[in-house]
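K.L.:
My questions are about this predicted structure, shown below with the sequence.
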Protein chains: 2
Amino acid sequence: MPFFIKSLIQNSYILRELDITKSCCILLSGLAFRSKVVGDGGRQILSVHVPGDMLDLQHAFLGVADHSIQMLTAGDVAYVPAKAVQDLAFAYPAIGRAMWLETLIEGSIFREWIANIGRRDARTRVAHLLCEIAVRLQSAGLMTGNRYELPMTQEQIGDATGLTTVHVNRTFQALHKEGLITRDKRAIEIRDWNALSAAGDFRASYLHPDNPNGFAPVFGGTFVELPIKDGMLASAT
Amino acid sequence: MPFFIKSLIQNSYILRELDITKSCCILLSGLAFRSKVVGDGGRQILSVHVPGDMLDLQHAFLGVADHSIQMLTAGDVAYVPAKAVQDLAFAYPAIGRAMWLETLIEGSIFREWIANIGRRDARTRVAHLLCEIAVRLQSAGLMTGNRYELPMTQEQIGDATGLTTVHVNRTFQALHKEGLITRDKRAIEIRDWNALSAAGDFRASYLHPDNPNGFAPVFGGTFVELPIKDGMLASAT
DNA sequence: CGGAACCTTGAAAAATGTCAAATCCGGTGG
DNA sequence: CCACCGGATTTGACATTTTTCAAGGTTCCG
C-alpha cells in the first residue's frame, strides 16, 4: 500500500475544517484531537486520539472536512491515499470490517461525549474525561503506573467538556481536594480509580475495549498493545 | 434478503441499552430517537431519525447495545439479520459503501451535536435542533410548506439539547416572541428560515445533504425522496 | 532577564436549574 | 354529551451552577 510518514510538531493541523482531502491518516505516535468552531468563535473539542487511531476515514469518503484535526503533541502520522484505503477495504473484507468497526466504535465514543456534556455537571464531566483518557492511554501503552502525562491545557480541557478554563481549574482543585487525583504540572496521577470512575460516572464499555484496535503496526509504527492494568476496566460491564 | 416488517406504537423500544441483538433495523415510517441514561438518572437524546435511516449498524457489528432506540411516533421498522447485512455489504461494494457512508454521516451529525450542546447557549441550541429536524423531515418528505409536526415533548427536546423542560419552554416563547417560529400544539411553523438558521448557527453541510440517503425503498417502504424546498439548504456551504 | 503562555484567585453577573402550583388538552368512561 | 383523569405546558419565585472580568502568580524558554 502506498503511504508516507510525516513528523508533525505540536499544534500543527493534520486537517482544517472545509479542507478537501484525498488522503486518510493514521496516528503513529503522539496525541491528536478533533475540533469544531461555532458561530460565536467558541471551540469544541470532539475527541482525543492516541497512537493507532485512524484519523479521517470521514473525509476519505465524504470529501469536505466538517471539522479540524490537530496534533496535541509532536508525533508521526501516516498518510494513505483515500482511494487506496477504499480499495483495500473492499478487496480484503477483514480489513474493511476492521475499519468499519473503528468507525462504529468512534460513533459510540461520540455518543458518550454527547451524554457527558449534555447531562452531567462539571465535576462529573471532567472526571469522566480523565478516565477515558486514562483507559485509552493505557491501551496505547502510555501510562506509567497510575500516572499519565496529559498534554492538554486547561483551556483545551474546557473546550472538550463544554466548560470555561476558570471552571476547569476549580474543578481540578476540587477533585484534588477530594483525594481523587494529584497533579504535577500536566501529569495526572489517579489516586483512587474506583472513586474517580464513580465520580465520573464512567464505565469503559462504550470504548469497546474488547474489540481490536490500532492500525499503526501495519505501518511499522511503534504502537504496541499492552495488557490492561488491573482494575482499570473493572467497572466495564 | 431475508427481512420482516413490524409496526410499532409510539414510545416502544426498538432496542434497549445492554440488549444483545443479532439484527439490524431500517426505519420505514414514523420517527425514532436514540438515547442514553446517565448515572443520576438523567436521559440524553443522541439523535432523531426519519424514515429511510438505518438504525443499528452499530449493534450488528459491536454486539451489545450501548444506547436505546425508541419510536417517537408509531411507525414501521424492517428487521434484517445482522449477518445478512454484513454479507450484503461485502458482496456488493456499492451497498457496503452506502452503508459505510451512512455511518460516517451519522458520525458527522454526532459531532455537530457535541458542538451544539457543548458550546452554544440555550436559544441557539434549540433553534439549531429545530433547523436540523426541518431539513431532515424535508428530505423525508414530511414537511408541508414551512410547517412540520414535531412529535417531541418539551421534556424530550430538553433531553436532546441538554436543557430542562422549563428552560426549553421559555426558550420557545422567546423564539416565538422574536417572530422566528409559530407554534400550534406540537406543530412548528418556521416564520423566517434565514433568521432561525442564523439564530441556531445552523449550516446544513454537516448533514451531507448531497450524499445519497435512505434505504427504505429497498424494502418497499413508503419513503420518497422529495426535492429540497427553496432556501432550505441555502445556508449550506 | 524578559516575555509569553498558562494557571490561579476573587468578586460579581448571567444563565440555567429547581420546585411547586396552575392551567391546558386530549382521551376515556359514564 | 359531560366530567374527570393524566400527561403536557406554562408560570413565578428562588437557588445553584457556571461564566465573565480582571488581576496576579507561575513556569518555561530564548
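P.N.:
Thanks, I have the structure now.

K.L.:
how many neighbours does A:Ser37 have?
P.N.:
I think there's a mix-up here, since residue A:37 is Val and not Ser. A:Val37 has 14 neighbours, counted by other Cβ atoms under 10 Å in any protein chain shown. Glycine gets a C-beta too; all of them are placed from N, C-alpha and C.

K.L.:
what do you get for the one 5 residues further on?
P.N.:
The burial metric for A:Gly42, expressed as a neighbour count using other Cβ under 10 Å, is 18.

K.L.:
Measure how far the lengthiest helix in chain A is from the centre of its chain, please.
P.N.:
Looking across chain A with DSSP state H, the single longest helix is helix A:93-119. Chain-centre distance of helix A:93-119: 11 Å, with Cα atoms, centre = their mean, to the nearest Å.

K.L.:
element containing the residue lying closest to A:Phe202 once chain neighbours are set aside?
P.N.:
Of all residues not flanking A:Phe202 in the chain, A:Cys131 sits nearest, at 4.0 Å (Cβ to Cβ, 6 or more residues apart in numbering or on different chains). Using DSSP states H and E, A:Cys131 falls within helix A:122-139.

K.L.:
just to revisit the earlier point, give the buried residues for the longest helix of chain A.
P.N.:
For helix A:93-119, the neighbour count (16 or more other Cβ atoms under 10 Å in any protein chain shown) marks A:93, A:95-119 as buried.

K.L.:
can you pull out the strands in chain A?
P.N.:
Ranges of strands in chain A, per DSSP state E, are A:4-8, A:13-15, A:23-27, A:32-37, A:43-49, A:68-71, A:75-81, A:147-149, A:181-184, A:187-190.

K.L.:
who in chain A is up against DNA strand C?
P.N.:
A:Thr153, A:Gln154, A:Glu155, A:Thr165, A:Val166, A:Asn169, A:Arg170, A:Phe172, A:Gln173, A:Arg183, A:Arg186 (Cβ under 7 Å from any atom of the strand).

K.L.:
Output the below-cut-off pLDDT ranges for chain A.
P.N.:
Confidence mapping of chain A against pLDDT under 70 gives the ranges A:1, A:211-237.

K.L.:
ok, 50 please
P.N.:
Chain A contains residues with pLDDT under 50 at A:216-237.

K.L.:
Now do the residue of it most remote from its centre against B:Gly30, distance only.
P.N.:
Distance from the C-alpha centroid of chain A peaks at A:Ala91, with 28.6 Å (Cα atoms, centre = their mean). A:Ala91 sits 39 Å away from B:Gly30, going by Cβ to Cβ, to the nearest Å.

K.L.:
repeat for A:Arg97
P.N.:
31 Å.

K.L.:
so who does A:Leu129 touch?
P.N.:
Residues near A:Leu129 by Cβ atoms under 8 Å, 6 or more residues apart in numbering or on different chains: A:Asn116, A:Ile157, A:Ala160, A:Thr161, A:Gly200.

K.L.:
related to what we said a few turns ago, do the helix holding A:Cys131 and DNA strand D meet at all?
P.N.:
Yes: Helix A:122-139 reaches DNA strand D (Cβ under 7 Å from any atom of the strand) through A:Ala122, A:Arg123.

K.L.:
how far off helix A:93-119 does that helix point, in degrees?
P.N.:
Interaxial angle, helix A:122-139 versus helix A:93-119 (axes from the mean of the first three to the mean of the last three Cα atoms, to 10 degrees): 160 degrees.

K.L.:
angle of helix A:122-139 against strand A:43-49?
P.N.:
Using the same axes, to 10 degrees: helix A:122-139 against strand A:43-49 is 30 degrees.

K.L.:
Distance from the chain centre to helix A:122-139, please.
P.N.:
10 Å.

K.L.:
Up against DNA strand D, what does chain A have?
P.N.:
Residues of chain A lying near DNA strand D (Cβ under 7 Å from any atom of the strand): A:Asp121, A:Ala122, A:Arg123, A:Gly162, A:Leu163, A:Thr164, A:Val166, A:His167, A:Arg170, A:Lys185.

K.L.:
Closest to B:Asn146 out of those?
P.N.:
B:Asn146 lies nearest to A:Gly162 out of these, by Cβ to Cβ, at 31.6 Å.

K.L.:
Tell me if I'm right that the closest one and B:Gly118 touch.
P.N.:
Yes: between A:Gly162 and B:Gly118 a contact is recorded at 3.3 Å, counting by Cβ atoms under 8 Å.

K.L.:
got any residues that touch both of the two?
P.N.:
Residues touching both A:Gly162 and B:Gly118 (Cβ under 8 Å, 6+ apart) are A:Gln44, A:Ile117.

K.L.:
Span of stretch A:71-88 from start to end?
P.N.:
26 Å (Cα to Cα, to the nearest Å).

K.L.:
buried ones in it?
P.N.:
A:Met71, A:Leu72, A:Gly75, A:Asp76, A:Val77, A:Ala78, A:Tyr79, A:Val80, A:Pro81, A:Ala82, A:Val85, A:Gln86.

K.L.:
What of stretch A:176-192?
P.N.:
Buried, per 16+ other Cβ under 10 Å, within stretch A:176-192: A:Leu180, A:Ile181, A:Ile188, A:Ile190, A:Arg191.

K.L.:
for the residues you listed, which one is nearest A:Ile20?
P.N.:
Within these, the smallest distance to A:Ile20 is 37.6 Å, found for A:Ile188 (Cβ to Cβ).

K.L.:
burial of the nearest residue to the closest one once chain neighbours are set aside, as a residue count?
P.N.:
Closest residue to A:Ile188 apart from its sequence neighbours, by Cβ to Cβ, 6+ apart: A:Leu150 at 5.0 Å. By other Cβ under 10 Å, 21 other residues sit near A:Leu150.

K.L.:
how far away is A:Leu150 from A:Phe33?
P.N.:
12 Å.

K.L.:
do A:Gln86 as well
P.N.:
25 Å.

K.L.:
quick one: contacts for A:Gln44?
P.N.:
Taking Cβ under 8 Å, 6+ apart, we find A:Gln44 in contact with A:Ser35, A:Lys36, A:Val37, A:Val38, A:Asp159, A:Ala160, A:Gly162, B:Ile114, B:Ala115, B:Gly118, B:Arg119.

K.L.:
Between those residues, which sits nearest A:Met143?
P.N.:
Looking across the contacts of A:Gln44 and measuring by Cβ to Cβ, the closest to A:Met143 is A:Ala160, at 19.1 Å.

K.L.:
residue contacts, the nearest residue to that closest one once chain neighbours are set aside?
P.N.:
Closest residue to A:Ala160 apart from its sequence neighbours, by Cβ to Cβ, 6+ apart: A:Ile45 at 3.9 Å. Counting by Cβ under 8 Å, 6+ apart, A:Ile45 touches A:Phe33, A:Arg34, A:Ser35, A:Gln156, A:Asp159, A:Ala160.
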